[in-house]
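Student: Sharing a model that was predicted from the sequence below.
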Amino acid sequence: MAMGPIKGAGRRGRRAPMAEINVTPMVDVMLVLLIIFMVTAPLLTAGVQVDLPKTKAAALDQDQRPVSISIDRTGAIFIDNTRVPEGALGPRLQAIASGSNDEGGPRIYLRADSGLDYGRVMEVMGEINHAGLRRMALVGNPQGEAR
C-alpha cells in the first residue's frame, strides 16, 4: 500500500502511514548468518588427527559433555585439543577430577592412534585411574567407516 492523500482530510497533502513491512533487511541479515554458519560449522569438528581402530561397539548416549583425551601417532597427549606436557598430565587430571560433582569424575573418552604401542596407552590409562577418574571409555571407529 503506497502513501497517498487521505480523502476528506482537513489539510491538503496529509499522508497515511504505510502498512507494509519491508522484509529485505531481514532477508539480508539471515543470508549473512547462513554464510557464517556454513563456514564455521566444519571448523567445529576439527580436532587432533588420530587414526582410530575399528570396533563393533555402538556409540554411547550421554547428557554431559565428556572430557576427551587423545594420544596421537607420536605419543603426544591432548586434553580437549590442548597439548599437555609429559609431566603435567597427572596434575591436570586431578584438577579435572576435583572439579566434578559426579562420583568417579566426568566421563573420559580416551582416543589413541591405532599405530601406538599398547604400553603407552596403558600408561595414560593408569594416570587417569590414579587421578580418581573411573568413568572411562575407549573410542574407536565402527567397522566399515573411514576416520
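Tutor: Noted; the coordinates are in hand.
Student: Doesn't Val121 lie inside a helix?
Tutor: Yes: counting by DSSP: H, G, I helix; E, B strand; the rest coil, Val121 is part of a helix.
Student: pretty sure it is in contact with Ala112, am I right?
Tutor: Yes: counting by CB atoms under 8 Å, Val121 touches Ala112, with 4.7 Å between them. Every residue, glycine included, has its C-beta placed from N, CA and C.
Student: what's the overlap in contacts for those two?
Tutor: Ile71 (CB atoms under 8 Å, 6 or more residues apart in numbering).
Student: Which one of these two is surrounded by more residues?
Tutor: Taking neighbours as other CB atoms under 10 Å, Val121 and Ala112 compare with Ala112 leading, 26 against 16.
Student: Next one: that one relative to Met30, how far apart?
Tutor: Separation of Ala112 from Met30 (CB to CB, to the nearest Å): 43 Å.
Student: The one helix or strand Met125 maps to: which residues count as buried?
Tutor: Using DSSP states H and E, Met125 sits in helix 118-130. Within helix 118-130, the residues that count as buried by 16 or more other CB atoms under 10 Å are Val121, Val124, Met125, Glu127, Ile128.
Student: what bits of this structure have low per-residue confidence?
Tutor: 1-13, 45-47, 58-64, 104, 144-147 (pLDDT under 70).
Student: Which residue ranges of it form helices?
Tutor: 24-44, 89-98, 118-130 (DSSP state H).
Student: May I see these organised as TSV, with distance to Gln143 added?
Tutor: Shown next, in TSV, are the helices of the chain (distance: least, CB to CB, whole Å):
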stretch	distance to Gln143
helix 24-44	25
helix 89-98	31
helix 118-130	20
